[in-house]
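S.K.: My questions concern the predicted model and sequence given below.
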Amino acid sequence: MMTFRKPWHRQGRFCGAALSFILLGIFLGMLAGCVVGPKYHPPAPQAPAAEYKESPTQFKENEGWTVAQPADAKLRGKWWEIFNDPELNALEEQLNINNQNIKEYFENYMEARAIVREARAQYFPTLTAVPAITHSRTSANLGTTTVNTGTGSGTSVAPKLQSSLYSLPLEASWEPDLWGKVRNTVREAQYAAQVSAADLENERLTEQASLAEYFFEIRGQDMLQKIYDDTVVADQQAYDLTRGLYETGIDDEISVVEAETTLRSAQAGATNVGVARAQYEHAIAVLVGKAATSFSIPVKPMTMAPPPIPVGVPSQLLERRPDIAAAERTMAEANAAIGIAYAAYYPNLTLSAEGGFESSSIAHWLSWPSRFWSVGASLSETVFDAGLRRATVQQYVATYNADLASYRQTVLTGFQQVEDGLAEVRILSKEIEQEQAAVASAQKYLNLEQARYETGIDPYVDVLIAQTTVLSDQQTLNGLQVEEMTYAVALVEALGGGWDTSQLPTPAQVTQKPDKSQTTIQQ
């Protein structure tokens, strides 16, 4: 890279230098509004439909799950409270305080805010003080110096072997932001901090949703445990009955073996339920920042259905999801980077000043005659860089275009996830109603077969088939109810939880200095 500089130094009266700097400051003030690079405009999204395609309101025959009314309502704040479960509420509160992933994202956000203040420091001059005391001794073999005394003859003077220098300089340097490079750098850092804030909220929502899903999985495992326990009791009674009939000679041994096989299989299934429950419980312990060894959740079979969820309208989704907000702010950050790249085409002006006291005697170190000062300015411009600046601009333009595509993809994915969630909960609610009818029918079938077996009409194998049908239908129903609850949580997550863009910190807020408690090293 080739550069040229135009130095300007002047020593003289201080008033003249001050006047020059005042005039230069006026000139720089006139250029203060000059910012090169493209102006950022948020992308205009495609106009969505007035209502979600998979909303239950679009299916008049639906008699299951419905959305909350009015249609334009939306979740706010602590979204998990709509499930009306005090234990879930308490766990979510612990998660918001103790979750280590959330803490990691929070510290990343604090780091991004510090970078904003680092960038703003470039607005101001750099002031440096370098006080120094130097003692030196020269060689005695440097020879003598002849001094003319004015009488026609010279006098030999020996060199001074030792000397001291006392200096107290104060140096100032400032590079005015003529073309908006610093302003774009600050904006880039501010937008990056907003991206970090949105990422924090997205991580918080993800952790909250995971906890709720694991919680309802545990409730489902507790219900499955109850189903197996009830089945074991019923199979034990059937086994006792067949064994008694066999011992009295009424029934054959094969019925006893079939009843015992059914009983042992049910007992094994009941034992296996504990594996999944333990794993979900351990996962929740990690989410709330506790050791799995000392954490437990009381057994409570799930008997609830998902509540009506305020879905709102599609146009609100762009303001409700933190990942969409992060994608949009990433575009703004990339746009500011383009402005920084464009500023490299223009010259850089550097103003410098130095002043202080300097003396070879400590007694006169800070006296007025020992003062010195100098002011100057230099201008540098790159005259040849082999296409570096052009390539840099093209790089950041490509980055912006890639971020635009990522933003649009994030929006499309958001609408897909909401439609998926609506379809899943709506269809599952209808399927659950049908499965409940199947369970009732299977139970009636079992009751009839038991009566026919006890009267000797049918063999025990028919009772066994009926028992297997009831257990299978009960397991299916429980699995569907768990899926309905977890899909409802996923729908809330797809809607952005209780967050919206009004909670995203402004550029001014991310620039503010945080509280001392937020900047201390945690032990």
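M.R.: Nice, thanks for sending it over.
S.K.: in the stretch 351-500 of the chain, which spans are strands?
M.R.: 371-384 (DSSP state E, counting those that start in this stretch).
S.K.: Quick one: the helices in it, in order.
M.R.: 388-454, 460-494 (DSSP state H, counting those that start in this stretch).
S.K.: if you compare those, which one is most tucked away?
M.R.: helix 460-494 (a mean of 21; mean count of other C-beta atoms under 10 Å). Where you see a C-beta, it was placed from the backbone N, CA and C, and this is true even at glycine.
S.K.: Check which helices and strands that helix sits against.
M.R.: For helix 460-494, the packing partners by 3 or more C-beta pairs under 8 Å, 6 or more residues apart in numbering; DSSP states H and E come out as helix 181-247, helix 253-287, helix 388-454.
S.K.: mind checking which of the ones you listed is nearest residue 141?
M.R.: Checking the helices and strands packed on helix 460-494 against residue 141 by C-beta to C-beta gives helix 388-454 as the closest, at 53.7 Å.
S.K.: Residue 497 against residue 206, yeah?
M.R.: No - checked against C-beta atoms under 8 Å, the pair residue 497 and residue 206 is beyond contact range at 9.6 Å.
S.K.: who has more neighbours, these two?
M.R.: Shown here are residue 497 and residue 206; by other C-beta atoms under 10 Å, residue 497 has more neighbours (25 against 17).
S.K.: Return the residues in contact with that one.
M.R.: Residue 497 makes contact with 75, 79, 205, 208, 209 under the criterion C-beta atoms under 8 Å, 6 or more residues apart in numbering.
S.K.: how would you label residue 114: helix, strand or coil?
M.R.: Reduced to three states with DSSP: H, G, I helix; E, B strand; the rest coil, the structure at residue 114 is helix.
S.K.: Just give the number of residues close to residue 234.
M.R.: Neighbour count for residue 234, taken as other C-beta under 10 Å: 18.
S.K.: Now do the contacts for it.
M.R.: Going by C-beta under 8 Å, 6+ apart, residue 234 touches residue 467.
S.K.: Specify the next element, helix or strand, located C-terminal of the strand or helix carrying residue 318.
M.R.: Element membership of residue 318 [criterion: DSSP states H and E] is helix 314-320. Counting by DSSP H and E, the next helix or strand C-terminal to helix 314-320 is helix 322-343.
S.K.: got JSON lines for the helices of the stretch 351-500 of the chain, with distance to residue 193 and mean pLDDT too?
M.R.: Below are the helices of the stretch 351-500 of the chain laid out as JSON lines (distance: least, C-beta to C-beta, whole Å; pLDDT from 0 to 100):
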{"stretch": "helix 388-454", "distance to residue 193": "16", "mean pLDDT": "93"}
{"stretch": "helix 460-494", "distance to residue 193": "24", "mean pLDDT": "93"}
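S.K.: of all the ones you listed, which lies closest to residue 515?
M.R.: helix 460-494 (30.2 Å).
S.K.: any idea which helix or strand comes after that closest one?
M.R.: helix 507-511.
S.K.: that older thread, between the helices and strands packed on helix 460-494, which gets nearest to residue 169?
M.R.: helix 181-247 (26.4 Å).
S.K.: avg pLDDT for that closest one?
M.R.: Average pLDDT, helix 181-247: 94.
S.K.: and what of stretch 293-310?
M.R.: Stretch 293-310 comes out with an average pLDDT of 90.
S.K.: Report the distance from that stretch to the chain centre.
M.R.: 27 Å (C-alpha atoms, centre = their mean, to the nearest Å).
S.K.: Just the CA trace of it, in PDB.
M.R.: C-alpha atoms of stretch 293-310 as PDB (Å, rounded to 0.1, in the frame of the first residue of the first chain):
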ATOM      1  CA  THR A 293     -28.400 -36.100  42.300                       C
ATOM      2  CA  SER A 294     -30.400 -33.800  44.600                       C
ATOM      3  CA  PHE A 295     -33.300 -33.000  42.300                       C
ATOM      4  CA  SER A 296     -36.700 -34.700  42.000                       C
ATOM      5  CA  ILE A 297     -40.200 -34.000  40.800                       C
ATOM      6  CA  PRO A 298     -43.200 -35.500  42.600                       C
ATOM      7  CA  VAL A 299     -45.300 -38.100  40.800                       C
ATOM      8  CA  LYS A 300     -48.500 -36.700  39.400                       C
ATOM      9  CA  PRO A 301     -50.300 -38.300  36.500                       C
ATOM     10  CA  MET A 302     -51.300 -35.800  33.700                       C
ATOM     11  CA  THR A 303     -55.000 -35.200  33.400                       C
ATOM     12  CA  MET A 304     -55.000 -31.800  31.700                       C
ATOM     13  CA  ALA A 305     -55.500 -30.700  28.100                       C
ATOM     14  CA  PRO A 306     -53.800 -27.700  26.500                       C
ATOM     15  CA  PRO A 307     -55.500 -24.400  27.100                       C
ATOM     16  CA  PRO A 308     -56.700 -22.100  24.400                       C
ATOM     17  CA  ILE A 309     -53.600 -20.300  23.100                       C
ATOM     18  CA  PRO A 310     -53.700 -16.700  21.900                       C
END
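S.K.: Give me the residue ranges of the stretch 51-200 of the chain where confidence is low.
M.R.: Along the stretch 51-200 of the chain, the parts satisfying pLDDT under 70 run over 60-65, 69-74, 142-160.
S.K.: I am finished for the moment; much appreciated.
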